[in-house]
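Asks: Would you be able to build a 3D model of this:
(one chain, ligands or ions: 2)
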Amino acid sequence: MSVVKQSLSKDKIKILMLEGVHPSAIKLFERHGYTNMEVLPSSLSDDELIEKMKDVHIVGIRSRTQLNERVFAAAEKLIAVGCFCIGTNQVDLAAAKRHGVVVFNAPFSNTRSVAELVLAEVIMLLRGIPAKNASAHRGGWLKSAKNSFEARGKTLGIVGYGHIGSQLSVLAEQLGMQVIYYDIEDKLPLGNAMPVHTLDDLLSQADIVTLHVPETEQTQMMMGVRQFSRMKPNSLFINASRGTVVDIEALASALQGGHLAGAAIDVFPVEPKGNNEEFLSPLRGIDNCLLTPHIGGSTMEAQENIGTEVAGKLVRYSDNGSTLSAVNFPEVSLPTHDTTRRLLHIHKNQPGMLNAINSILSEYQINVAGQYLQTDEAVGYVVMDIDSNNGSEILARMRKIPGTIRARQLF
Ligand SMILES: NC(=O)C1=CN([C@@H]2O[C@H](COP(=O)(O)OP(=O)(O)OC[C@H]3O[C@@H](n4cnc5c(N)ncnc54)[C@H](O)[C@@H]3O)[C@@H](O)[C@H]2O)C=CC1
Ligand SMILES: O=C(O)CCC(=O)C(=O)O
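Replies: Numbering: from 1, shown residues only. Ligands and ions are numbered 1, 2, ... in the order given. Okay, here's the model as predicted:
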């Protein structure tokens with residue numbers, strides 16, 4: 001049976017920020033009266049997280065921290081997760097929902113940063129810069145125009161034409177590139193970009209292939225031995241999406257065997273937890289492979305914006321109950337509740353819940369100034385603004401309704 005918890009005053013709400021979340025987030029929390037914060041520069045292992053999260057109400061992570069069922073089950077006080085990034089694949093969103101934990105992210109604050117890095121990589125790879133740079137560091141001097149090309153007129157194949165893919169498409173056309181893209185959804189082509197019907201079509205036509213898909217069951221290992229062999233001889237490959245999308249051994253073979261002329265890889269199946277851990281990869285030592293430590297979205301501009309965006313969403317949920325733009329929860333956008341108490345009730349979506357809640361309210365004969373309900377297939381979220389000093393008593397009664405996952409009172 002799930003344990004139902006109640007809200008606390010702000011100084012008792014414990015916030016844990018991992019993976020070097022930008023100070024803009026910390027400042028925003030402080031401006032809103034949240035002072036009980038622990039800020040750590042890297043992620044934690046499962047066991048460390050389970051220990052640490054026991055008394056945490058809000059946790060902030062980036063792409064490295066894995067939040068799974070075990071962690072949510074142990075984090076009894078947790079009300080919300082902030083992913084200070086785009087991807088949310090590191091969080092078991094269904095488990096979070098089962099435990100009444102709302103998850104937010106920053107869907108486009110680092111989009112431009114990734115697109116700019118990839119565009120730079122396109123140029124670097126076309127000029128063979130990674131290998132020339134590596135050689136110069138060892139005292140070599142590879143001055144030659146052989147296998148160096150302009151970007152103008154080359155075909156860029158974008159896999160995943162979402163926020164990043166389509167932004168990159170616009171930038172690449174400004175360089176005079178031809179853009180083709182493959183997406184599982186119908187997407188509006190920007191500029192002169194052309195959709196292709198299959199991944200194989202894209203692989204066989206592009207001079208440079210770049211991946212911008214999310215990590216899903218369907219995208220796991222979507223680039224393997226067969227797909228690399230479909231790419232044009234001497235073509236180039238970029239991955240700044242997720243490490244699990246590429247069979248890294250197959251990529252290493254395609255580079256070492258000379259079928260691919262170069263690659264730029266920002267994301268890896270296994271990444272160090274922090275900057276003090278060694279980076280291990282079969283791609284190490286391959287000179288024509290540009291390796292970056294998952295910094296596609298790591299610019300000052302993006303990180304500052306992400307900090308305020310995600311912290312703002314967490315504060316609104318904590319202060320106000322608003323779940324607008326949550327990635328795993330029914331969305332409720334709420335007015336302020338200056339003169340009323342606000343009760344929040346998260347429950348399993350089963351028949352009779354609203355009736356049970358309303359019959360408790362009617363027993364107290366109180367004025368309900370507002371009631372908001374949103375449901376999805378798994379949970380229901382009801383917010384009630386009441387004119388009553390009996391909020392705690394009413395909440396205690398509501399917590400006993402079978403199917404209740406979590407209930408809070410906001411003052
Ligand atoms: N390297 C880095 O630092 C960063 C990496 N990312 C990664 O980039 C990914 C993409 O980001 P956005 O463009 O903002 O996401 P988005 O959701 O806007 O776009 C993803 C696109 O991929 C398409 N897609 C999904 N499955 C597909 C499949 N099997 N084949 C072809 N297309 C498929 C979707 O329909 C969508 O159009 C994120 O999910 C994240 O994993 C995001 C930001 C920074
Ligand atoms: O900057 C980060 O920590 C992760 C960036 C990323 O991969 C994302 O936004 O999905």
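Asks: Enumerate the residues of the stretch 1-150 of the chain near ligand 2.
Replies: 62, 63, 85, 86, 87, 110 (CB under 6 Å from any ligand atom). C-betas here are computed from N, CA, C, even on glycine.
Asks: Contact partners for the residue nearest the centre of the chain?
Replies: Nearest residue to the geometric centre of the chain (CA atoms, centre = their mean): residue 87, 2.3 Å. When contacts are counted by CB atoms under 8 Å, 6 or more residues apart in numbering, residue 87 touches 63, 105, 214, 215, 242.
Asks: how close does residue 351 sit to residue 403?
Replies: 10 Å (CB to CB, to the nearest Å).
Asks: More neighbours: which of those two?
Replies: Each of residue 351 and residue 403 has its neighbours counted (other CB atoms under 10 Å); residue 403 has more, 15 against 7.
Asks: Could you pull up the residues touching the more buried one?
Replies: Taking CB under 8 Å, 6+ apart, one finds 347, 348, 350, 353 in contact with residue 403.
Asks: On the strand side of things, show who the second one bridges to.
Replies: On the basis of DSSP bridges, residue 348 takes part in beta bridges with residue 379.
Asks: if we can go back for a sec, neighbour-wise, which of the residues of the stretch 1-150 of the chain next to ligand 2 leads?
Replies: Busiest of those [other CB under 10 Å] is residue 85, holding 26 neighbours.
Asks: separation between that residue and ligand 1?
Replies: Distance of residue 85 to ligand 1, given as CB to the nearest ligand atom, to the nearest Å: 6 Å.
Asks: burial of the residue of the stretch 151-300 of the chain found nearest ligand 1, as a residue count?
Replies: In the stretch 151-300 of the chain, the residue found nearest to ligand 1 is residue 162; the distance is 1.7 Å by CB to the nearest ligand atom. Applying other CB under 10 Å, we find 18 residues neighbouring residue 162.
Asks: Check it and give its pLDDT.
Replies: Per-residue confidence (pLDDT) for residue 162: 98.
Asks: returning to what we had before: output the contacts of residue 87 as CSV; include the columns distance to ligand 1, secondary structure and pLDDT.
Replies: Shown next, in CSV, are these (distance: CB to the nearest ligand atom, whole Å; DSSP: H, G, I helix; E, B strand; the rest coil; pLDDT from 0 to 100):
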residue, distance to ligand 1, secondary structure, pLDDT
63, 7, coil, 95
105, 10, coil, 98
214, 3, coil, 97
215, 6, coil, 97
242, 5, coil, 98
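Asks: which of the residues you listed lies closest to ligand 2?
Replies: residue 63 (3.7 Å).
Asks: Skip the chain neighbours and tell me the closest residue to the closest one.
Replies: Excluding its sequence neighbours, the residue lying closest to residue 63 (CB to CB, 6 or more residues apart in numbering) is residue 85, at 5.2 Å.
Asks: how about the residues of the stretch 151-300 of the chain that lie near ligand 1?
Replies: 159-165, 182-185, 187, 212-216, 218-219, 240-242, 266-267, 294, 296-297.
Asks: let's see 5 Å
Replies: Residues of the stretch 151-300 of the chain lying close to ligand 1 (CB under 5 Å from any ligand atom) are 160, 162-164, 183-185, 212-214, 218-219, 240-242, 266, 296-297.
Asks: quick check, residue 359 in a strand?
Replies: No. Applying DSSP: H, G, I helix; E, B strand; the rest coil, one finds residue 359 to be helix, outside a strand.
Asks: Run a quick neighbour tally on it.
Replies: Using other CB under 10 Å, residue 359 has 12 other residues around it.
Asks: So which residues of the stretch 1-150 of the chain form strands?
Replies: 15-17, 37-39, 58-61, 80-83, 102-104 (DSSP state E, counting those that start in this stretch).
Asks: closest one to ligand 1 among those strands?
Replies: Going by CB to the nearest ligand atom, the one of these nearest ligand 1 is strand 80-83, 10.4 Å.
Asks: How about residues contacting stretch 291-308?
Replies: Applying CB under 8 Å, 6+ apart, the set of residues contacting stretch 291-308 from outside is 21-26, 28, 63-64, 84-86, 106, 109-110, 112-114, 117-118, 240, 264-268, 271-272, 279, 281, 283-284.
Asks: Quick check: the residue located most distally from the centre of the chain vs residue 193, distance?
Replies: No residue in the chain sits farther from the centre than residue 365, which is 44.4 Å out by CA atoms, centre = their mean. Distance, residue 365 to residue 193, by CB to CB: 62 Å.
Asks: Which single residue of the stretch 301-411 of the chain ends up nearest ligand 1?
Replies: residue 302 (8.3 Å).
Asks: Double-check that that residue belongs to a helix.
Replies: Yes. Counting by three-state DSSP, residue 302 falls inside a helix.
Asks: Just the pLDDT for it.
Replies: 97.
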